[in-house]
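**Student:** Sequence and predicted structure, then a few things I'm wondering about:
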Amino acid sequence: MVKRVYQMSEQEKKELLKRIDNDLKKTLTQKRYLHSISTMKKAQELAKKYSQDELIVMLTALTHDIAKEMTQQEYTKYAKDNHIRLDWFDKIQGMAVHGKIGANIARTKYGFTREMQEAILYHTTARANMTMLDKIIFLADKTEELREGESAEKLRKVLDEGDLDDAILYDIDYYTIPRIIETNKLIHPNCIYARNDILARKLESWKSEKVEKIINILFQPNSYLKKGKVEKNESRFSISRWPELKELHI
């Protein structure tokens, strides 16, 4: 019986990290191994920035590409032997298959939690309602220091200056989807779901903030001190602040 990560002490998690590291050295090419290490370091950096459990993040990031270099025949056999369902997209274009296989290996061999498994499962495509762990692994994979090229540099800048959602949207809109269209490949549905989910929540937040600003501009509650307590007059409409409304483009 494999001990689950949530049952492990901090020391046991550190030992598991070393064990996975040794396994990757044996199963991955040097280039893929170094990418995995670099992704782990970037993920740890993001975990610190966003106050996440560093060991959980590091374990997940280190393991994210554990099945990346399996052959198509090995994918098919592993999926069959372990009852992993490969859908129509996996059979036509297998970009996400290594995530499914990797998540299963992480559970059966290393005792990863469901959240950790799902971060590996969706690290290529993203998904709607991404967890913090999902987002960190997705972005660490794309912004680790060994990633070269203009797209990686721009994404790093967006990640540094904005938040995780900003960076995911940027990657999907300006890199992932254009590259897929350019190479005449299929866009994974989860990629679309992720984009729409993040964008919809950002738009909803923007609308709420805008409405609040309008109310604050139009109505100015006055308060004054009387007999030791603050009393408020009724809010009154202020037409004098109309220029501020124009700046909100309403």
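**Tutor:** Alright, I've got the coordinates.
**Student:** lowest-confidence helix or strand of the chain?
**Tutor:** Sorted by mean pLDDT, DSSP states H and E, the helices and strands of the chain end with strand 223-226, the least confident at a mean of 42.
**Student:** how much space between R195 and I172?
**Tutor:** Distance, R195 to I172, by C-beta to C-beta, to the nearest Å: 5 Å. Where you see a C-beta, it was placed from the backbone N, CA and C, and this is true even at glycine.
**Student:** Keeping just the C-alphas, turn stretch 54-63 into PDB.
**Tutor:** C-alpha atoms of stretch 54-63 as PDB (Å, rounded to 0.1, in the frame of the first residue of the first chain):
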ATOM      1  CA  GLU A  54       6.000  24.700  -1.100                       C
ATOM      2  CA  LEU A  55       6.600  20.900  -0.800                       C
ATOM      3  CA  ILE A  56       3.300  20.000  -2.400                       C
ATOM      4  CA  VAL A  57       4.000  22.400  -5.200                       C
ATOM      5  CA  MET A  58       7.500  21.200  -5.700                       C
ATOM      6  CA  LEU A  59       6.500  17.500  -5.800                       C
ATOM      7  CA  THR A  60       3.800  18.200  -8.300                       C
ATOM      8  CA  ALA A  61       6.000  20.400 -10.500                       C
ATOM      9  CA  LEU A  62       8.800  17.900 -10.500                       C
ATOM     10  CA  THR A  63       6.500  15.000 -11.600                       C
END
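**Student:** Check which residues of that stretch are buried.
**Tutor:** 55-63 (16 or more other C-beta atoms under 10 Å).
**Student:** Which neighbours do R195 and I172 have in common?
**Tutor:** A126 (C-beta atoms under 8 Å, 6 or more residues apart in numbering).
**Student:** any chance of the buried residues of stretch 54-63 in TSV, plus distance to D81?
**Tutor:** Shown next, in TSV, are the buried residues of stretch 54-63 (distance: C-beta to C-beta, whole Å):
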residue	distance to D81
L55	30
I56	28
V57	30
M58	29
L59	25
T60	24
A61	27
L62	24
T63	20
